[in-house]
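*Asks:* sequence isn't available, so here's the structure alone:
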């Protein structure tokens, strides 16, 4: 008898006890653009003995974002930055401008892209597809130090 007739399977058939781990990751962004953080996250998972579970990432800022995106062709990132620039341009007549002309567009982009991700962890690594990576997307022109909270729940 086929245990999983629809092609599904269970990673943790030994039902190991769950545990949770929390931590912080600080990312120094060089200014507007995509900052790859997949390697840093996988290192954190490995250093904490994570096996199989779920990782929640939360970016503690309102003018930057988290995304999972193409990791091979840099034109994808450039095209995305251009598209978001058209959606939320500087000089768009915004009321909020106390922190500079790039701040309100950065808030809009962060709302559109989001500040959190949930990613399965399998065998101690993010279970991303071949062409996927996790990025912090800085929407401000100047470099910033950005902080993420990481929460792992799993075996």
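*Replies:* Arrived safely, thanks for sending. Because the structure is a prediction, the values reported are computed rather than measured. Numbers count the residues shown, from 1 in each chain.

*Asks:* please state the offset of stretch 141-155 from the chain centre?
*Replies:* Distance, stretch centre to chain centre, for stretch 141-155: 8 Å (CA atoms, centre = their mean, to the nearest Å).

*Asks:* what residues sit buried inside it?
*Replies:* By neighbour count on 16 or more other CB atoms under 10 Å, the buried set for stretch 141-155 is 144, 146, 148, 150, 152, 154, 155. Backbone N, C-alpha and C define where each C-beta goes, glycine included.

*Asks:* averaged pLDDT, that stretch. What do you get?
*Replies:* Average pLDDT, stretch 141-155: 97.

*Asks:* quick one: the strands in this structure, in order.
*Replies:* Under the criterion DSSP state E, the chain carries strands at the ranges 19-29, 33-36, 53-59, 64-70, 116-122, 125-126, 132-138, 144-154.

*Asks:* now those as a markdown table including distance to residue 87?
*Replies:* Output for those, formatted as a markdown table (distance: least, CB to CB, whole Å):
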| stretch | distance to residue 87 |
| --- | --- |
| strand 19-29 | 20 |
| strand 33-36 | 17 |
| strand 53-59 | 19 |
| strand 64-70 | 13 |
| strand 116-122 | 20 |
| strand 125-126 | 28 |
| strand 132-138 | 13 |
| strand 144-154 | 21 |
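
*Asks:* most packed of those?
*Replies:* Highest mean neighbour count of the strands of the chain: strand 132-138, a mean of 23 (counted as mean count of other CB atoms under 10 Å).
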